[in-house]
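Colleague: Sequence and predicted structure are below.
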Amino acid sequence: AVSLKLPALLLGIYWVLQRRWPLVWRTIVCVVAINALGAVLLQPSNPWGLFTAWFEVLHDSGVDRAFEIGSQSFTALLSRYLTDDGYRLNLLHLSRTQVIVLAAVMQTLAVLALARRPSRRLGEQQRLLIDGAIIMTMAAVFSPTCWLGTYTLLAFPLTGAAAHLATHPRTMLRDVRAAGALMLLLVSSILLQKR
């Protein structure tokens with residue numbers, strides 16, 4: 001997934017914060033191997049050229065795409081309400097740079113809050129399911145270039161979270177941190193659909 005869309009690295013960051021070192025190292029090895037093999041197969045005469053072109057595309061698209069009207073990212077949500085973008089939804093007149101910094105700080109705090117040591121109320125498998133659903137959702141919504149099509153990524157984690165809520169409602173609702181994060185993401189997602 002990281003090879004296709006960089007925000008999937010959020011799961012790796014979560015594993016680092018959780019000190020799940022075997023998962024971190026296996027992920028690094030897999031990402032390097034998949035990308036190296038892909039580059040050699042796609043462009044055997046100049047495999048590094050593929051990576052150079054990829055970085056150029058990332059640089060050229062930059063953060064400006066986060067502010068396009070079709071963007072459904074968290075940064076776009078903040079910009080609609082905190083910058084004077086001409087749609088008269090603004091509560092403040094912040095610059096794009098300030099919005100990017102604010103979004104980065106809020107997203108970092110959300111990941112740190114999720115990664116802190118969980119309560120012992122949930123088993124390891126339940127914790128992985130809930131946190132995995134939240135991280136996958138964050139990876140989609142926190143990406144600067146999140147389009148309506150990106151929301152198809154959310155079908156799996158939200159279905160998993162709904163299934164867990166249906167089968168273990170008391171356990172899920174007792175974990176205030178996870179329930180609050182899922183609720184916040186749901187509300188953000190609804191707001192993101194409003195232009």
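Modeller: Nice, thanks for sending it over.
Colleague: Give me the residue at the spatial middle of this protein.
Modeller: Ala139 (1.4 Å; C-alpha atoms, centre = their mean).
Colleague: Give me the spatial nearest neighbour of that residue, chain neighbours excluded.
Modeller: Leaving aside its chain neighbours, Ala139 sits nearest to Pro7 (4.1 Å; criterion: C-beta to C-beta, 6 or more residues apart in numbering). For every residue, glycine as well, the C-beta is placed using N, CA and C.
Colleague: what do you get for Gly49?
Modeller: Gln43 (5.9 Å).
Colleague: I'd like the distance between the one you found and Leu37.
Modeller: 12 Å (C-beta to C-beta, to the nearest Å).
Colleague: The two: which is more packed in?
Modeller: Ranked by neighbour count (other C-beta atoms under 10 Å), Gln43 and Leu37 place Gln43 first, with 14 against 11.
Colleague: Do I have it right that that one meets Thr52?
Modeller: No: the pair Gln43 / Thr52 is not scored as a contact, 10.5 Å apart, by C-beta atoms under 8 Å.
Colleague: buried ones in the longest helix seen in the chain?
Modeller: Secondary structure of the chain read by DSSP state H shows that its longest helix is helix 21-42. Of the residues in helix 21-42, Val24, Thr27, Val31, Asn35, Ala39 count as buried by neighbour count, 16 or more other C-beta atoms under 10 Å.
Colleague: So what's the residue count around the nearest residue to Val31 once chain neighbours are set aside?
Modeller: Of all residues not flanking Val31 in the chain, Val2 sits nearest, at 5.2 Å (C-beta to C-beta, 6+ apart). Number of residues near Val2 (other C-beta under 10 Å) recorded here: 18.
Colleague: quick one: Thr83 and Leu92, what's the gap?
Modeller: 8 Å.
Colleague: Same drill for the two, tell me which one is more crowded.
Modeller: Thr83 (20 against 12).
Colleague: right, and that one touches Thr97 too?
Modeller: No: the pair Thr83 / Thr97 is not scored as a contact, 10.3 Å apart, by C-beta under 8 Å.
Colleague: what about the helices in this protein?
Modeller: Using DSSP H, helices in the chain cover 9-17, 21-42, 47-61, 74-82, 96-115, 124-141, 155-167, 169-174, 176-192.
Colleague: which one of those is the most hemmed in?
Modeller: helix 74-82 (a mean of 22; mean count of other C-beta atoms under 10 Å).
Colleague: Now that helix: average pLDDT?
Modeller: Taken as a whole, helix 74-82 has a mean pLDDT of 86.
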